[in-house]
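> Could you work out the structure for the sequence below:
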Amino acid sequence: LAGNVTGNRFASTLATLETELDTLDAALPKLRNFVLPRALISTLALHEARVVCRRAERHVWKLVHEEASEVDATTQVAIFLNRLSDFLFVA
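The predicted structure is shown next:
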């Protein structure tokens, strides 16, 4: 990414997402079974959002590997999508 401002903004956003993810995850019981979405609209919406997020993540990682470059904006997007999909799982 061009310049420290953008890199710092990314790091700050990712740190915030990680903090929220850790907070939500700490409140959940230990996962012992495969989780299936229930019939609640909110649960189904979160599940669908996670599916779309994971799909986007796979496409972006493919671009990262094809470009085989240093850590750049594409890599940062892939990292963010990975953390976002984990957040959607515990939300």
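> Tell me the first helix or strand C-terminal of the top helix by length along the chain.
Taking DSSP state H as the criterion, the chain has its longest helix at helix 41-67. Sequence-wise, the next helix or strand downstream of helix 41-67 (DSSP states H and E) is helix 73-90.
> quick one: average pLDDT of that following helix?
Mean pLDDT, helix 73-90: 91.
> Residues in contact with that helix: which ones?
Here helix 73-90 makes contact (C-beta atoms under 8 Å, 6 or more residues apart in numbering) with 1, 10, 13-14, 17-18, 20-21, 24-25, 28, 35, 46, 49-50, 53-54, 56-57, 60-61, 63-64, 67. C-beta coordinates here come from the backbone N, C-alpha and C atoms, glycine included.
> mind listing what's buried in it?
Of the residues in helix 73-90, 74-81, 83-90 count as buried by neighbour count, 16 or more other C-beta atoms under 10 Å.
> got it, and stretch 13-31?
By 16+ other C-beta under 10 Å, the buried positions in stretch 13-31 come out as Leu21.
> what's the spacing between the residue nearest to Ala49 when sequence neighbours are not counted and His65?
With C-beta to C-beta, 6 or more residues apart in numbering as the criterion, Ala49 has its nearest non-adjacent residue at 5.3 Å, and that residue is Leu88. Counting by C-beta to C-beta, to the nearest Å, the gap from Leu88 to His65 is 24 Å.
> what do you get for Ala26?
33 Å.
> pLDDT below threshold where in this structure?
Low-confidence segments of the chain (pLDDT under 70): 1-7, 34-35, 37, 68-71.
> Could you rerun that using 50?
Within the chain, the set of residues satisfying pLDDT under 50 comprises 1-5.
> Tell me which residues are up against stretch 33-53.
Leu81, Leu84, Ser85, Leu88, Phe89, Ala91.
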